[in-house]
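1. Next come a sequence and a model predicted from it.
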Amino acid sequence: MEVFSGLMHGFAVALQPANLLWCFVGVFLGTVIGVMPGLGPPATIAMLLPLTMMMNPAGAIIMLAGIYYGAKYGGSTTSILINVPGESASVVTCLDGYQMARKGRAGAALGIAAIASFIAGTVGVVGIMLIAPPLARMALAFSSPEYFALMALGLAMVVLLAGRSMVKALLAMLVGLWLAGIGTDLFSQTSRFTFGQLELLSGIDFVVVAIGVFAIGEVLGNMQMREAAEALPVPKGLRNLLPTLQDLKDCRFAFANGSIVGFLIGVLPGAGSTIASFISYGLEKAVSRRPQEFGTGVIEGVAAPEGANNSETGGALVPMLTLGIPGSSTTAVLLAALVLWGFKPGPLFISENANLFWGLVASMYIGNLMLLILNIPLVPLFAQVLRAPVYVLYPIIIGISIVGVYSTSGSLFDVWLLAGFGLLGYFMRKLDYPTAPLILGLVLGGPLERALRQSLMMSDGHLSILVSRPVSAVMLSLALLILLMPMFGKLNTWRLRALEK
Amino acid sequence: MKADFWSGLALGALGAYIIAQAWGWEYLGADGPGPGFFPLWYGIAIVALSLGLVASSLRRGETQAIDWTGASRAFTTWLALALAVAAFKLVSFHVAFAALTFFIVAVMYRRPLLVAATVAVATTAAFYVVFPLALGVNLP
Amino acid sequence: MHKRLWLAAVLAVPLAVQAQGYAPTRPVEAVVHTGPGGGSDLLARAVALMIEKENLLPVRLQVVNKTGGGGALAAAYLAEKKGDPNTIGFFTGVWLTNPLTSNEAKISLRDLTPVARLVLEPAVIAVKADAPYKTLGDFVSAAKQKPGELKQSGGSITSRDNVVRQQLQKAGGARWQFISFPGGGERIAALLGGHVNMMVIEPAEAGEHIRAGNMRVLAQVSEKRLPAFPNVPTLKEAGFNITPVPQVRGVVAPPGIPKENVVYWEGVFKKLTQTESWKKFLAENQFEDGYQNAADLTRFYDEFTNQMRSILQEAGVKTVR
């Protein structure tokens, strides 16, 4: 079989000592970058490009790809330990991961994140190997109405993230939509809600809001208590240092869910790993037997999004390798790298550069394995970070947040925004507004509005385009169903009460 | 609850502002919805929901005691943070951050001054080593 | 007598140094408005590498990313560095159009010191390979018959994609829709998926899709035929008497720097454009050489701005300056 022989050739390339070394360097560097909030793969890959000119292309692409998916492994670490999303995709991991840490199960959370990432990452590579070209063609059929429906489905997840007050969750989501709209409108070039500030012309960076609301908000919230003895319980005993067999059993569906959802969403150019992790999380909660516990530290709530954001990297490489279309900022840089080395990414890339392609695929299997081996033993080590007394940990968290935000844009204005959103996060905690819907609205708001306006432009103003196309119709009905679910629940309660009378 | 009442009002004000701004932009252009389309709708949604929030809070009529001590501690810390950010341009990140750390340890957590000073210096040094030196990331 | 010679020599040294003129003594900041990996960033890094290879500067060129505001932040940053000859910036078309449409983008090229124009970016007009249009004329007549029905994918309405559309619509008496997508990948996907009919695309991006047989090029947006497309007519050759509005990249410096510094930088970049590595770079990226010195660039800027202003106003975009 062609695939099998290709893969064998690939392993022959990937297992060469030099390439193994580059793979290790890449995944290690990626993990470190993932842990650091604000520092991301696109910047690092771009900085390393000149060095790669001196390397052989196979080794170079193996290393850069390693940085790409390695970063997703590292991103969960700070999310779980200190509620600071290391990568924008790790935001969802904060929801249950940090809560698990507060209950003393930081080790289990970190461990399951690594395992889910490994499984999903491997599934992603298998996906590239087996179904890349036909999947890419199918992805081309995905157009603005389908994107709109996908985003709407994502927003419908707010219902599942609501907690006690649906009204407050909706309000948080709407404010998120508003924040997403700040900046220059793509279609008309009008400035919206920029308050005359130059820095707001390109909108508010998601990282600033997420770190501000989550990390700084949490720190401020905890400041209320003077003598909080220890920040977070240090995990004791093997049960809490690593996931147990029971944990692994509980996460069976989450592993599958994360892998598949992440990969499929990754294939769509423009949809990102953040959306993938949100949808995977929502799906997990929807099928769970204990949905009300999500948000308090449920292990599947960590496994699903972490898996999703890893298989998404595999998915994002599909359009890049099969069509030469970059799906995200990182794949755009990787594409530029390929061009720099003299390759021509496009529909003919795989057939003309079979050795390079299969070498890359094989290296990704190896890389995922390396990451698993790297990360698992480090878990108990990382968990010890929580030993530090509160008054040392919190200034460090504040410092990391500031540096992380500053490193993405180099602008002090963003640091001010960080402080502002920290205050917002504090108020939201105090006044019982859930923070996840805010992030959801912020991430999905832009793509949602764009997809809607593009769709209406395509259909000359007829809304029917959204339901006349089968895929978008299905997704929109799903979204509607999810939105109406709480009402079914309420109807049920009324019915039962009426019956009792 | 009192908190709901005030936050509902604040959000209602935000919603009203959004609607007012959206009114000035094009709602439906020649090619499709304009920049005012989306904001108008979610502005209306915000106003509607916040009015609902205010109404329900009045209906319940509860007032919950606000933890003023806790809130003031949090707010003071935030002020310290804001001052530190303002100071970055003047005295450099290291000095401002060290001062902030010192403040948090000494004032917020009432640890002895020596401990506070040590923590402040140690963390600032760590940041200096890790970020600009090892990773080449610029500090504010 | 020896003493006199010695004195003269000592006095002559500083004069000699002065006569050599300005040269940077510490790494020079090259400001770009995109993040790492973006168009401007890659150009700046490539230029830095070439300058080092050809020994055109005694120091390193350090790329500094000042993203935000679609270029306005980078321009503002340069304006703040008034009088500092140790900073330069790489500008693109958006630096020129932002001040026209955005109130907040106050810094235009006039407020900075133009140094040199480096490249012109050509473009081609592409359709899906199975589209019924064989020539640009086919497309425009089809659009004329069904006004507002055909669709083009592109960037924002101030981008060159739309400018070409405006010019073609005017010249051909037709009208078709323009749908903005934020990324090149999405625009191409829209075309290949059959959701739009046509797009204006850079030859480097289109190359592989054409080779694979997915896209067909109807015309090229340039004055002369590009070496990579010897059989594709230019706009004029296709029957549309349009002067293409160029998409440019070049170098600027902060305001208020002394004349000799401008001359120095002009010299560096002029030498750069004459090197073999530069020619290779142009060929690889399918750029056109568009070198202009500071004076010509200033003139070009004025012409370009006036032209853009009228085109944008015709397109119904609100201009604020």
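-> Here it is on my side, so go on.
2. which residues touch the residue of chain B found nearest chain A?
-> Going by Cβ to the nearest Cβ, chain A is nearest to residue B:70 of chain B, at 3.2 Å. Where you see a C-beta, it was placed from the backbone N, CA and C, and this is true even at glycine. Neighbour list for residue B:70: A:224, A:225 [criterion: Cβ atoms under 8 Å, 6 or more residues apart in numbering or on different chains].
3. helix or strand right after the helix or strand containing it?
-> Using DSSP states H and E, residue B:70 sits in helix B:68-103. If you walk from helix B:68-103 toward the C-terminus, the next helix or strand you reach (DSSP H and E) is helix B:113-128.
4. taking the mean pLDDT, what do you get for that next one?
-> For helix B:113-128, mean pLDDT rounds to 80.
5. got the angle between it and helix B:68-103?
-> With axes from the mean of the first three to the mean of the last three Cα atoms, to 10 degrees defining the directions, helix B:113-128 sits at 70 degrees from helix B:68-103.
6. and helix B:113-128, anywhere near chain A?
-> Yes - on the criterion Cβ under 8 Å from any Cβ of the partner chain, helix B:113-128 is in touch with chain A at B:119, B:120, B:123, B:126, B:127.
7. ok, how many other residues are close to the first one?
-> A count of neighbours around residue B:119, defined by other Cβ atoms under 10 Å in any protein chain shown, yields 24.
8. residue ranges with poor pLDDT in chain A?
-> Confidence mapping of chain A against pLDDT under 70 gives the ranges A:1, A:38, A:226-241, A:486-498, A:500-501.
9. Tell me the spacing between residue A:316 and chain B.
-> Distance, residue A:316 to chain B, using Cβ to the nearest Cβ, to the nearest Å: 25 Å.
10. Next one: the residue of the stretch 151-300 of chain C found nearest chain A from residue A:63, what distance?
-> Closest contact between the stretch 151-300 of chain C and chain A, by Cβ to the nearest Cβ, is at residue C:208 (2.3 Å). The gap separating residue C:208 from residue A:63 is 24 Å, by Cβ to Cβ, to the nearest Å.
11. go on, residue C:118?
-> Residue C:118 is 31 Å from residue A:63, by Cβ to Cβ.
12. Any buried residues in the helix holding residue B:70, and which?
-> Neighbour-count burial for helix B:68-103, counted by 16 or more other Cβ atoms under 10 Å in any protein chain shown, picks out B:71, B:73-74, B:77-78, B:80-81, B:84-85, B:87-88, B:93-94, B:96-103.
13. for residue 95, what are its contacts?
-> Unless you meant another one, I'm taking chain A. Residue A:95 touches A:161, A:281, A:294, A:295, A:301, A:436, counting by Cβ under 8 Å, 6+ apart.
14. please go with chain C instead
-> Counted by Cβ under 8 Å, 6+ apart, residue C:95 has contacts C:33, C:71, C:74, C:75, C:108, C:109, C:252.
15. can stretch C:59-78 be found next to chain B?
-> No - using Cβ under 8 Å from any Cβ, stretch C:59-78 stays clear of chain B, with a minimum separation of 9.4 Å.
16. ok so, going back, out of residue C:208 and residue A:63, which sits in the busier spot?
-> Using other Cβ under 10 Å as the criterion, residue C:208 and residue A:63 rank with residue A:63 on top: 28 against 20.
17. can you tell me the helix or strand for that one?
-> Per DSSP H and E: helix A:57-82 holds residue A:63.
18. now residue A:7: how far from residue A:263?
-> 18 Å.
19. do residue A:182 as well
-> Residue A:182 is 32 Å from residue A:263, by Cβ to Cβ.
20. ok, these two, which is more surrounded?
-> Shown here are residue A:182 and residue A:263; by other Cβ under 10 Å, residue A:263 has more neighbours (30 against 20).
21. Once you drop chain neighbours, what's closest to the closest residue to chain B within the stretch 1-150 of chain A?
-> Residue of the stretch 1-150 of chain A nearest chain B, by Cβ to the nearest Cβ: residue A:39 (6.4 Å). The shortest distance from residue A:39 to any residue other than its chain neighbours is 5.1 Å, reached at residue A:33 (Cβ to Cβ, 6 or more residues apart in numbering or on different chains).
22. before we move on, what SS does residue 90 have?
-> All of this is about chain A. helix (DSSP: H, G, I helix; E, B strand; the rest coil).
23. try again with chain C
-> Per three-state DSSP, residue C:90 ends up strand.
24. so what are the domain limits for chain B?
-> B:3-59, B:68-135 (automatic domain parsing).
25. among those domains, which gets the worst mean confidence?
-> domain B:68-135 (a mean of 79).
26. can you pull the contacts of the closest residue to residue B:32 other than its chain neighbours?
-> Of all residues not flanking residue B:32 in the chain, residue A:457 sits nearest, at 4.0 Å (Cβ to Cβ, 6+ apart). Neighbouring residues of residue A:457 by Cβ under 8 Å, 6+ apart: B:31, B:32, C:151, C:177, C:179.
27. Which two among the residues you listed are spaced furthest apart?
-> B:32 and C:151 (11.2 Å; Cβ to Cβ).
28. residues near residue 97, how many?
-> No chain was given, so I picked chain A. With other Cβ under 10 Å as criterion, residue A:97 counts 32.
29. please go with chain C instead
-> Residue C:97 has 27 nearby residues by other Cβ under 10 Å.
30. quick one on the thing from earlier: show me which of the residues of helix B:113-128 next to chain A is closest to residue C:284.
-> Of the residues of helix B:113-128 next to chain A, the one sitting nearest to residue C:284 (Cβ to Cβ) turns out to be residue B:127, at 41.5 Å.
31. In contact with that closest one, which residues?
-> A:399, A:403, B:93, B:94, B:97, B:139.
32. quick one on the thing from earlier: could you measure from the residue nearest to residue B:32 over to residue A:186?
-> 12 Å.
33. hmm, back to that, isn't the residue of the stretch 1-150 of chain A closest to chain B right up against residue A:407?
-> Yes - contact criterion Cβ atoms under 8 Å: residue A:39 and residue A:407 qualify, at 5.6 Å.
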